[in-house]
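Participant: how would this look folded up:
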Amino acid sequence: MTARRSVTGTGVPAFDVVTIGRVGVDIYPDQVGLPLDRVEHFTRYVGGSATNVAVAAARLGLTTAVVTRTGADPFGTYIHTALRDFGVDDRWVSAVDRLPTPVTFCAILPPDDFPLYFYRFPTAPDLQIRTDELDLEALAHAEILWVTGTGLCQEPSRSATLAAMRVRSDGAAAARKATILDLDYRPMFWPSRNAARTALAEALPHATVAVGNLDECETAVGIADPPAAAEALLDRGVALAVVKQGPAGVLARTAVEKVEVPPILVEVVNGLGAGDAFGGALCLGMIRGWELERTIRFANAAGAIVATKIACSAAMPYEPEVLELLSKAGERDG
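Facilitator: You can find the predicted model right below:
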């Protein structure tokens, strides 16, 4: 595992990226194109959006950690092992008694049908993250904190997520650091879209970046038109709004800059992990101080690579792979 820096004189670990949120075990078909009831062979992967972003960032050479919770069961043990193998620090991954580690099944029906079946009953351990268990000083000093909309869907996770965001928006130590809110709307986790919109409205003023697809942006601001949705997100207080438009590419907006990046055409196998790969690559570009267009093109290519694979976490690309795809697509990196 990559050595961690510490904040001078404090002993607090200083990570490039810390993510907070969902974790579980993905049970994905080895057989593509079959409905789930006809699949006979599956492979196990570590999963969950926030966890996948941490893996993606680690694959790109960033020091990463994830704050989450598992069940006190063999799948929880597997998650610790997998995270360490990926180079993700697991010091803030703890177990919850009497709740099983979630599992998620999907069917892989390319090019655009990947139904997910979440087993998170009666609730999920990763929604039991508590404010009093957070290392708020370490979270304040991370270069990037990545939080998700799903983390806001239930207490105590909602309060813990907001506390982590507030310590960065209120603290001088984190004044120049980024807090990225992945809008991450999953309707099965919420009582209603309006409930999600209310929770996101509370979180957005504490974020510096908002990232989401069209449905997620509409959930957050009530607007489906990409340019108008990006403008509305900026009005909510973020400095950068990123709207992922699927086959229409990606739109990124700041107060002074607008970037539109077309999609990279690939043969899609499983689109579920592409957004998480995009997120890890977005973190890399921000930490390296790349220009916005270079960052979005790189992130777009990282997502395209994962879309060609069955796996999510295990498919996260290394930097040379992303650069190779950009070269093949005729795009210049930097």
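Participant: find the nearest non-adjacent residue to Leu204, please.
Facilitator: Leaving aside its sequence neighbours, Leu204 sits nearest to Arg236 (Cβ to Cβ, 6 or more residues apart in numbering; 4.1 Å). Any C-beta I mention is one placed from the backbone N, CA and C, and that applies to glycine too.
Participant: measure how buried that neighbour is and give me the count.
Facilitator: 17 (other Cβ atoms under 10 Å).
Participant: tell me the spacing between it and Ala195.
Facilitator: 17 Å (Cβ to Cβ, to the nearest Å).
Participant: where exactly do the strands run in the stretch 151-300 of the chain?
Facilitator: Using DSSP state E, counting those that start in this stretch, the strands of the stretch 151-300 of the chain run over residues 178-182, 209-213, 240-244, 250-253, 258-261.
Participant: residues contacting the spatially closest residue to Leu325 that is not a sequence neighbour?
Facilitator: Distance criterion Cβ to Cβ, 6+ apart; nearest residue to Leu325, sequence neighbours excluded, is Ala301 at 4.8 Å. Contacts for Ala301 were tallied using Cβ atoms under 8 Å, 6 or more residues apart in numbering; they are Ile264, Ala281, Val322, Leu325, Leu326, Ala329, Glu331.
Participant: in which helix or strand would I find Ala301?
Facilitator: helix 292-307 (DSSP states H and E).
Participant: hey, what's the angle from that helix to strand 240-244? Just curious.
Facilitator: Taking axes from the mean of the first three to the mean of the last three Cα atoms, to 10 degrees, one finds that helix 292-307 is oriented at 40 degrees with respect to strand 240-244.
Participant: show me the two of the contacts of Ala301 that sit farthest apart.
Facilitator: Spatially, the most separated pair among these is Ala281 and Ala329, at 14.7 Å (Cβ to Cβ).
Participant: between those two, which one's more packed in?
Facilitator: Higher neighbour count among Ala281 and Ala329: Ala281, with 29 against 16, using other Cβ under 10 Å.
Participant: check what pLDDT that one gets.
Facilitator: What the model reports as pLDDT for Ala281 is 98.
Participant: would you mind measuring from it to Leu326?
Facilitator: 11 Å.
Participant: contact partners for Met316?
Facilitator: Met316 neighbours (Cβ under 8 Å, 6+ apart): Asn52, Val55, Ala56, Arg59, Gly273, Asp276, Ala277, Gly280, Ala302, Val306.
Participant: so how far is Ala210 from it?
Facilitator: Distance from Met316 to Ala210, by Cβ to Cβ: 22 Å.
Participant: related to what we said a few turns ago, of all the strands of the stretch 151-300 of the chain, which one comes closest to Tyr117?
Facilitator: Tyr117 sits nearest to strand 209-213 of all these, at 20.1 Å, using Cβ to Cβ.
Participant: which secondary structure elements does the closest one sit against?
Facilitator: strand 178-182, helix 214-221, strand 240-244, helix 274-288 (3 or more Cβ pairs under 8 Å, 6 or more residues apart in numbering; DSSP states H and E).
Participant: partners of it, with directions?
Facilitator: Under the criterion DSSP bridges, strand 209-213 sits next to strand 178-182 (parallel), strand 240-244 (parallel) in its sheet.
Participant: now those as a markdown table including mean pLDDT?
Facilitator: Below are the strands paired with strand 209-213 laid out as a markdown table (pLDDT from 0 to 100):
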| stretch | mean pLDDT |
| --- | --- |
| strand 178-182 | 97 |
| strand 240-244 | 98 |
